[in-house]
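Participant: here's a sequence, model it:
(chains A and B)
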Amino acid sequence: MGGTAPLDRTSPVFDYAPAPESRSVVDLRSSYGLFIDGQFVEPVAGGSFKTISPATEEVLAEVAEADEADVDLAVRAARRAYTRTWSRMSGRERGKYLFRIARILQERSRELAVLETLDNGKPIRESRDVDVPLAAAHFFYYAGWADKLRYAFPGRDPRPLGVAGQVIPWNFPLLMLAWKIAPALACGNTVVLKPAETTPLSALLFAEICRQADLPPGVVNIVTGAGDTGRAVVAHPDVDKVAFTGSTDVGRQIARAVAGTEKRLTLELGGKAANIVFDDAPVDQAVEGIVDGIFFNQGHVCCAGSRLLVQESVADEVLERLKRRMSTLRVGDPMDKNTDVGAINSAEQLAKIRELSDIGEQEGADRWSPPCDLPSQGFWFPPTVFTGVSQAHRIAREEIFGPVLSVLTFRTPAEAVEKANNTPYGLSAGVWSDKGSRILWTADRLRAGVVWANTFNKLDPTSPFGGYKESGYGREGGRHGLEGYLR
Amino acid sequence: MTRIDVRKTYKLAIGGAFPRSESGRSYEVTDASGGFLANAAHASRKDARDAVVAARKAFPGWSARTAYNRGQVVYRVAEVLEGRRAQLAEEVQRAEGATRRVSEGLVDAAVDRLVWYAGWADKLAQVVGGTNPVAAPYFDFSVPEPTGVVGVLAPQESSLLGLVSVVAPAVVTGNTVVVAASVRRPLPAVTFAEVLATSDVPGGVVNVLTGLLTDTAPTLASHLDVNALDLTGALGDPDGATALEADAAENLKRVRRPAQDDWATDPGLDRMTWLLETKTVWHPIGT
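Facilitator: Below is the predicted model:
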């Protein structure tokens, strides 16, 4: 299929013919209501906002904006569903609904992947191969727990909390929804979920999936909106549990807001992960891991390996190969199946990445990006690496949440650990070495919730994920992920 | 004129195929009140050995599947079994002499049991495995692994729910199975084998033998390539069970003695855990 381009045998870089995924599989509506009590409803005050494709700035749809009154209706629906239906149902039957949802997510995977890429800007390859299959796997996994909770916590009689208010970010819209909703429902809670204002569409398609699964009305409610909507969810007095994924600043506000209440809280917040490369690391693999660690999903990843700590003796070699590898990254149309790095999710986020990168230069670090043509429409930032970074630089301390890597060096394993832990965050870390004992020695000393050894950014429904320190508290995934939704 | 119905030949299930017994033998299966139902295959010792070979051949692939994948496959079995609900309810009704309603309930329970076990595939390791805080600089962890080929004598009374309840836990944990179906009520087992064959279960993972136990059971008990022996179906024949357990000692098979099981209750973990080996790995920690 397709034409054949003349082969240029002198060039080490291949040209790729465009391989765009078709949009036709997605049926976009011009406007979306709120999903409350099993129905799409208009918001009480009638507010709305637009969601755009960050790759083209095209308006995709008009989405309802929920205010306090709408959130109240959603919480009431969730409470009714909890009291009358969901908390009375056996775990076995609850699980069957979740299995159904998992299956429908698998069945409609292509549609979900295209929609996610349109609304978020991430490469179709990622939404197709990572976000959507993992979201389905999460539902499948937690479906199985619904009737096995007493095995998860021997000696306890685990019971649900009630209504969970959940607020999720824009970097993995459907996957974060799955991380929140699947364990909550499996444990017998009902939910009111607020997706991020820049990426509401996959959550609204998920609402349709709940209907296809005949999920009882009110068990899942989706309220769209921005920060005020999220605050209303968190502040609602009839919410028993708040779960939030997002920035550390907002996490702090939420922790303050629930102070003095009976609400349970789990937070999955920012990170500034160290990716430690020892001198005995398999260099090619490490370079792939570094690239995957920071450029996956445009660096919009809370566990991104945004600080490369490389042992001094191999720093030059690693950097040279890293830059060579970065030169082959294909940045551009997220709908193209060959694209490695897609669009930055919003103008606001792009401004933040630009600001911190400029500060990096002003503070004296050396900035480098491979030559790449960025589209004229949409929000774009090239893969960027800073060398000569010190621990005091803001680009070494603050979460940039973009495709920007800061490189620091170290001489001894102890120094690597010292530098890796020198951050208020503690979400994840990477270790690259051929020596198993050194990997485990390092992992033992890292104050981070997830440590990847000779790999990076691996996620699985069975594997607990979450942070130390100011990266939040609570774990999502695995048996541990049930804990936040049970009393 | 009334239409003459087309009746099914009930055969064995070995290695993904449905052969007759190599011996050419069959035996008459009757319903609960003695009426003729079918001539089922009467498996020979050679059939049992062939089934063990098929199970052994399937073991490396099946046990190497991810737990997630095994869970999906067993869940798929539940989906397909639900679709055969009417057929199996009728077969269970004839075999067990129960009312239609009770038989449907038994099929539903069998479907639910498969869903229950499907969910365990990727959870059991977190419940029965873990890290061991040894008093030395070692990272030490224990993981469950399947024991291998399991010979199963399925319960004699509960022709479908009982069968599913002994086969599913072995399969979901990554073992492969040769199961001798209920002697007098074998037909639902053959239909269940057809469900398995259309459910993404690789051929050889579950092999179903029908016929008298006089040939198959001693072959499974003494076969040196069988790792575990479930004697559930020998309930009511204590002398026979003892002889089989003694045969199984030759290569130290794990043996589950016959016991009165209540198939209606939460099965717990032990039908999975007895078929698991615990592997403990030590790895030094240090720069």
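Participant: check contacts around residue B:163.
Facilitator: Residue B:163 makes contact with B:154-155, B:179, B:181-182, B:188-189, B:192, according to Cβ atoms under 8 Å, 6 or more residues apart in numbering or on different chains. Heads up, the C-betas are built off the backbone N, CA and C, glycines and all.
Participant: ok, now residue A:267?
Facilitator: With Cβ under 8 Å, 6+ apart, residue A:267 has these contacts: A:243-245, A:251, A:254-255, A:472-474.
Participant: can you report phi and psi for it?
Facilitator: Here is the backbone geometry of residue A:267 (degrees, to the nearest 10): phi -130, psi 130.
Participant: any idea of the pLDDT on the residue nearest to it when sequence neighbours are not counted?
Facilitator: Leaving aside its sequence neighbours, residue A:267 sits nearest to residue A:472 (Cβ to Cβ, 6 or more residues apart in numbering or on different chains; 3.5 Å). On pLDDT, residue A:472 comes in at 98.
Participant: from residue A:360, how far off is residue A:472?
Facilitator: Distance, residue A:472 to residue A:360, using Cβ to Cβ, to the nearest Å: 26 Å.
Participant: looking at these two, which is more packed in?
Facilitator: More crowded of residue A:472 and residue A:360, by other Cβ atoms under 10 Å in any protein chain shown: residue A:472, with 28 against 23.
Participant: could you report the pLDDT at the residue of chain B at minimum distance from chain A?
Facilitator: Closest residue of chain B to chain A, Cβ to the nearest Cβ: residue B:119 (2.2 Å). Looking at residue B:119, its pLDDT reads 98.
Participant: the closest residue to it other than its chain neighbours: neighbour count?
Facilitator: Distances taken as Cβ to Cβ, 6+ apart place residue A:144 nearest to residue B:119, at 2.2 Å, with adjacent residues excluded. Residue A:144: 26 surrounding residues under other Cβ under 10 Å.
Participant: right, and residue A:144 touches residue B:120 too?
Facilitator: Yes - counting by Cβ atoms under 8 Å, residue A:144 does reach residue B:120; the two are 6.8 Å apart.
Participant: what touches both of the two?
Facilitator: Counting by Cβ under 8 Å, 6+ apart, the residues touching both residue A:144 and residue B:120 are residue B:71.
Participant: what's the per-residue pLDDT of residue A:29 here?
Facilitator: In this model, residue A:29 is scored at 94, pLDDT.
Participant: which SSE is it in?
Facilitator: Assigned by DSSP states H and E, residue A:29 belongs to no helix or strand.
Participant: repeat for residue A:166
Facilitator: strand A:163-167.
Participant: just checking, what packs against that strand?
Facilitator: helix A:68-81, helix A:173-186, strand A:190-194, helix A:227-235, strand A:241-245 (3 or more Cβ pairs under 8 Å, 6 or more residues apart in numbering or on different chains; DSSP states H and E).
Participant: can you give the strand pairings for it, parallel or anti for each?
Facilitator: On the basis of DSSP bridges, the sheet neighbours of strand A:163-167 come out as strand A:190-194 (parallel), strand A:241-245 (parallel).
Participant: want to throw those strands into CSV with mean pLDDT and mean neighbour count?
Facilitator: Formatted as CSV, those follow (pLDDT from 0 to 100; neighbours: other Cβ atoms under 10 Å in any protein chain shown):
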stretch, mean pLDDT, mean neighbour count
strand A:190-194, 98, 28
strand A:241-245, 98, 26
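Participant: how about those strands in CSV, adding distance to residue A:381?
Facilitator: Below are the strands paired with strand A:163-167 laid out as CSV (distance: least, Cβ to Cβ, whole Å):
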stretch, distance to residue A:381
strand A:190-194, 27
strand A:241-245, 22
